[in-house]
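Trainee: all I have is the shape, not the residue letters:
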């Protein structure tokens, strides 16, 4: 369990109270930050100066743009990123680019890797959700690894859903201009 200030100090955002875990297997590291927000990520980096590069990173706060900061990503340089969310749901926003995982976050992660996997997505009518990759399983011996989705193993940026999302973002931006 990695240290950060919000185990001791109150945050205005309860997501910063998330427990952060780092698992190490040989030379491979796997980071899970729960719903930690950018402020918590800042504290995490400051309180853990030897935070390693990570083979696997479970994206914070469902891929929210209020988390998964450049500050953290620059340190951990993730090789594989898994996002547990209902991608494209308008539950918290009406802007396509801010639906989970936020496009800003996807762009930040793409600086390090295109190996981004997402559990589910919201149907276009927003009444249901379906598996994108489904249940994501990561198996490693510390050197080699396999990653599988119960639905498929397709990287986010190669999915039909993602390509449609980019079209929707572009359309929405044109309408707002």
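Mentor: Structure's in. What do you need? Predicted model, so just to flag it, every value in this text is computed and none were measured.
Trainee: stretch 75-88 spans what distance, first to last residue?
Mentor: The straight-line separation of the ends of stretch 75-88 (Cα to Cα, to the nearest Å) is 28 Å.
Trainee: now do it, average pLDDT.
Mentor: Stretch 75-88 carries an average pLDDT of 97.
Trainee: in it, what counts as buried?
Mentor: For stretch 75-88, the neighbour count (16 or more other Cβ atoms under 10 Å) marks 75-76, 78-88 as buried. For glycine as for every other residue, the C-beta is placed from the backbone atoms N, C-alpha and C.
Trainee: mind putting those into TSV with secondary structure?
Mentor: Below are those laid out as TSV (DSSP: H, G, I helix; E, B strand; the rest coil):
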residue	secondary structure
75	helix
76	helix
78	coil
79	coil
80	strand
81	strand
82	strand
83	strand
84	strand
85	strand
86	strand
87	strand
88	coil
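Trainee: just those residues now: which is nearest residue 27?
Mentor: residue 79 (11.9 Å; Cβ to Cβ).
Trainee: and the strands in this structure?
Mentor: For the chain, the strands defined by DSSP state E cover 21-25, 28-32, 56-58, 80-87, 116-122, 129-131, 136-140, 145-149.
Trainee: partner strands of the last one and their direction?
Mentor: Right, the one you point to is strand 145-149. According to DSSP bridges, strand 145-149 has the following sheet partners: strand 136-140 (antiparallel).
Trainee: and what of the longest one?
Mentor: The strands beside strand 80-87 in its sheet (DSSP bridges) come out as strand 56-58 (parallel), strand 116-122 (parallel).
Trainee: in a markdown table, list those strands along with distance to residue 131, mean pLDDT and mean neighbour count.
Mentor: A markdown table is the format used below for the strands paired with strand 80-87 (distance: least, Cβ to Cβ, whole Å; pLDDT from 0 to 100; neighbours: other Cβ atoms under 10 Å):
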| stretch | distance to residue 131 | mean pLDDT | mean neighbour count |
| --- | --- | --- | --- |
| strand 56-58 | 17 | 98 | 22 |
| strand 116-122 | 6 | 97 | 24 |
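Trainee: for residue 138, give me its contacts.
Mentor: Under the criterion of Cβ atoms under 8 Å, 6 or more residues apart in numbering, the neighbours of residue 138 are 30, 56, 80, 82, 145, 146, 147.
Trainee: dump the strands of the chain to TSV, plus distance to residue 39.
Mentor: Listed next are those as TSV, based on distance: least, Cβ to Cβ, whole Å:
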stretch	distance to residue 39
strand 21-25	19
strand 28-32	17
strand 56-58	18
strand 80-87	20
strand 116-122	24
strand 129-131	29
strand 136-140	27
strand 145-149	30
